[in-house]
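J.: Quick one: sequence plus predicted model below, questions after.
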Amino acid sequence: MAWRVVERKLGRAGGEKQRTARQREWDRQYGEDTWMVGYVIDGEFVLQDDALESVYYRSYEAHFRNHPDDLQELISLAKVLRNPHAEATTGVDLQLPAITRYLLEHGLELQGREVVDIGTWQGERSHAISVRLSPLHIRCVLDSKLTLEEWWQSKKCLAVWAEHE
């Protein structure tokens, strides 16, 4: 038995109400606890939580390795990080946990005095680095032709446990 992909290109998770409605529909259609959102990586279905590690976190890790000036600017400028899009839409925030984890795992702390947005909301940003560290600009570690956001949204799929078909 294994996960079988039943829907591809799920797109954005949306706000809390939209996510909940979608999940209720999947519960109704496939049964509770029989479906998962994830990604097909190297021909295998990977749960979304595992893809957070292997794709999302690793993409930020690669960016900071390849762009140490961005990391230094973030550390010296920021006191607090904020995701304005997630706050405004009740959307899922993935970039702040990835960046925070990177800092923690590398023994780094924010030393600045500013609230720094990671990403934008309606074209507004707090600092230039807000855009550079947005998942709309970070390259995906699995496919450098795509941004992290492009990969994350275009590759997301729904799978059901095969015994519950």
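T.: Cool, got the structure.
J.: Which helix or strand contains the closest residue to Tyr30 other than its chain neighbours?
T.: Closest residue in space to Tyr30, ignoring its immediate chain neighbours: Val160 at 4.9 Å, by C-beta to C-beta, 6 or more residues apart in numbering. Glycine gets a C-beta too; all of them are placed from N, C-alpha and C. Assigned by DSSP states H and E, Val160 belongs to strand 156-161.
J.: about what we covered before: what's the residue nearest to Tyr30 in contact with, if anything?
T.: Contact analysis of Val160 by C-beta atoms under 8 Å, 6 or more residues apart in numbering lists Trp3, Arg4, Val6, Tyr30, Thr34, Trp35.
J.: Could you tell me which of these count as buried?
T.: Among these, the ones that count as buried by 16 or more other C-beta atoms under 10 Å are Trp3, Tyr30, Thr34, Trp35.
J.: Specify the beta-bridge partners of the last one.
T.: Going back to what we said before, that points to Trp35. Per DSSP bridges, the residues bridged to Trp35 are Val160.
J.: What distance do you get for Ser54 to Trp151?
T.: Separation of Ser54 from Trp151 (C-beta to C-beta, to the nearest Å): 12 Å.
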